[in-house]
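**Q** kindly generate the corresponding structure for this input.
(one chain, ligands or ions: 2)
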Amino acid sequence: MSLLDVSGVTVRFGGHMALHDVALSVVPGRIVGLIGPNGAGKTTMFNVITGLQEPTTGKVAFNGIDITGFKPHDRAQRGIARTFQRLELFGSLTVEENLLVAGEVRRTFGEHSASAADRTTEAMATVGIEHPADIRADNLSTGQARLVELARALVTRPKLLLLDEPASGLDADETTTFAALLQRLVRSGIGILLVEHDVPLVMSVCTHIHVLDFGELIARGTPDEVQRDPRVIEAYLGTPAEAAS
Ligand SMILES: Nc1ncnc2c1ncn2[C@@H]1O[C@H](COP(=O)(O)OP(=O)(O)O)[C@@H](O)[C@H]1O
Ligand SMILES: [Mg+2]
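**A** Ligands and ions are numbered 1, 2, ... in the order given. Below is the predicted model:
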């Protein structure tokens, strides 16, 4: 069964259609890509899934339950977590404090009997944060800050993780490490929806990819299918010759 099922989602901002009749789904244990040019509607889709943006029409189902009208905190408690395109750590708090805050937000609901402190330690170990956890977040490099943001999402022990351009600002080595980390995460059974402009990264870790352009879902399929799709090449990927020039 799908973890996440989005169907017929349209979002209108005044006269502007940010999303038009978009459907997508994520199954547990897989990384699904959501790609497309800037302004295509990717972040808007994340806002619809997390409850920050009410869709004009359409439905969001999570674990078979229609959550379309649910508040963001309710969705978080059910197991949906996200990271933000612009890093949104609290700069004046330490790494550990940033994670503890997230851990407290999701209070223990039976199945999560571990304390916020335990989940913080566990999340830092998962992402491999090596430096002391008492460093202030505004002293981190971009690569470290991206890992802390991921750890902060993991503190809630999500079933579905939405990552908005998580590799932006990472160097080649950090990106390789990050790809391996994502693959380890889904092996534990969670589902990931990945928005990312690093096309080689997306193609290497995703089993399925959705492509948005001007709010329209123009393609969906395996990395191979999507990379060969003329509409996707035209709207986003470009031809190999264009990419080389
Ligand atoms: N709150 C908003 N009000 C009006 N327009 C918005 C709002 N949020 C996004 N948009 C517009 O919707 C479109 C999709 O934006 P966005 O989802 O951020 O795209 P992406 O993440 O794919 O770059 C853009 O044209 C953007 O300017
Ligand atoms: Mg965006």
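**Q** contacts only, for residue 40.
**A** 212, 213, 214, 215 (C-beta atoms under 8 Å, 6 or more residues apart in numbering). C-betas here are computed from N, CA, C, even on glycine.
**Q** in three-state terms, label the closest residue to ligand 2 within the chain for me.
**A** Ranking the residues of the chain by distance to ligand 2 (C-beta to the ion) places residue 43 first, at 3.2 Å. State at residue 43, reduced to three classes by DSSP: H, G, I helix; E, B strand; the rest coil: helix.
**Q** touching the helix or strand where residue 151 lies from outside, list them.
**A** Using DSSP states H and E, residue 151 sits in helix 142-154. Outside of helix 142-154, the residues within contact range by C-beta under 8 Å, 6+ apart are 81-84, 87-89, 95, 98-99, 102, 122-124, 126-129, 131, 137, 140, 161, 163, 166-171, 174, 178, 181, 185.
**Q** please indicate which of the residues you listed are buried?
**A** 81-84, 87, 89, 95, 98-99, 102, 122-124, 126-127, 129, 137, 140, 161, 163, 166-168, 170, 174, 178, 181, 185 (16 or more other C-beta atoms under 10 Å).
**Q** neighbours around residue 226, how many?
**A** 25 (other C-beta atoms under 10 Å).
**Q** tell me the phi and psi of residue 188?
**A** phi -80, psi 0 (degrees, to the nearest 10).
**Q** tell me which of the buried ones among the contacts of helix 142-154 fall in strands.
**A** Restricting those to those inside strands, with DSSP state E as the criterion, leaves 81, 82, 161, 163.
**Q** of these, which is the nearest to residue 26?
**A** residue 161 (9.4 Å; C-beta to C-beta).
**Q** look up how far residue 37 lies from the closest one.
**A** Distance, residue 161 to residue 37, by C-beta to C-beta, to the nearest Å: 23 Å.
**Q** near ligand 2, which residues of the chain?
**A** 42, 43, 85 (C-beta under 5 Å from the ion).
**Q** drop anything exposed from those.
**A** 42, 43.
**Q** filter the residues of the chain next to ligand 2 down to the ones close to ligand 1.
**A** Among the residues of the chain next to ligand 2, the residues lying close to ligand 1 (C-beta under 6 Å from any ligand atom) are 42, 43.
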